[in-house]
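>>> Okay, predicted coordinates and the sequence, questions at the end:
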Amino acid sequence: MKNIIAFSGSTRASSFHTRILRALQEMSPADVKVDVFDLSDVPFYNEDRDNDRAPAAVQSLRSTVEAADGVIFAAPEYNFSYSALTKNTIDWLTRPKGAGVLRDKKIALICVTPGPSGGKNVSKAMSDLLPFFGNTIVATVTASGITDKIAPDSAVITEAELKADLAGVLAAF
């Protein structure tokens, strides 16, 4: 069984990225388990708190990633880059420098937008950043016009091409 941990870079209740991760859970083959980690309680990175008494949410985050076979970042594009939540997650997972639990993990990126950019700016930024930590990007899914590709207020992917791309994410691990 492959255990994949997934993060949504948005805490918005009807986030496209969170809904896509829920769809991935439903689409997963029997030998792949996708867990969506709730980042709501993870505080902003603070080196003064990054020790053996790190906040409980950070300890849970790190132990979950350490045990995972791979990581999915569903990263919304905010101002042509990743959200503060996505960056904060990366910061907690890549410290201490050179020894963070994200090091050498296989990573998939899902970056979608309602607009025309399709998440290409955030996927590029993350594709440039993550290999610095020894990560291998195994799959990247970008899509513009996401409002037409997922059912309103649900985790049902309605476009065949996006559904196939997401299946490819699961197969990449």
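Structure received.

>>> Identify each buried residue in the helix or strand harbouring residue 92, please.
Secondary structure here is read from DSSP states H and E; on that basis residue 92 sits in helix 84-93. Residues 85, 86, 87, 88, 89, 90, 91, 92, 93 are the ones in helix 84-93 that count as buried (16 or more other CB atoms under 10 Å). C-beta coordinates here come from the backbone N, C-alpha and C atoms, glycine included.

>>> Mind listing residues that contact it?
7, 9-11, 39, 42, 44-45, 50, 58, 61-62, 65, 73, 75-76, 78, 100-102, 122, 126, 129-130 (CB atoms under 8 Å, 6 or more residues apart in numbering).

>>> Now do the helix or strand that it is followed by, average pLDDT.
Next along the chain after helix 84-93, taking DSSP H and E as the criterion, comes strand 106-112. Taken as a whole, strand 106-112 carries a mean pLDDT of 97.

>>> Give the next helix or strand downstream of strand 106-112.
Reading on from strand 106-112 to the C-terminus, the next helix or strand found by DSSP H and E is helix 120-129.

>>> Could you tell me which residues within that following helix count as buried?
Within helix 120-129, the residues that count as buried by 16+ other CB under 10 Å are 120, 121, 122, 123, 124, 125, 126.

>>> what inclination does it have with respect to helix 84-93?
10 degrees (axes from the mean of the first three to the mean of the last three CA atoms, to 10 degrees).

>>> switch to numbering from 25
All right, first residue 25 from here; so that's helix 144-153.

>>> For helix 144-153, name the packing helices and strands.
For helix 144-153, the helices and strands in contact under the criterion 3 or more CB pairs under 8 Å, 6 or more residues apart in numbering; DSSP states H and E are strand 101-102, strand 105-106, helix 108-117, strand 130-136, strand 160-167.

>>> Pull the number of nearby residues for the nearest residue to residue 172 once chain neighbours are set aside.
With CB to CB, 6 or more residues apart in numbering as the measure, residue 183 is the residue that lies nearest to residue 172, at 7.2 Å, once sequence neighbours are left out. Applying other CB atoms under 10 Å, we find 14 other residues in the vicinity of residue 183.

>>> Surely residue 155 forms part of a helix?
Yes - with DSSP: H, G, I helix; E, B strand; the rest coil as the criterion, residue 155 is located in a helix.
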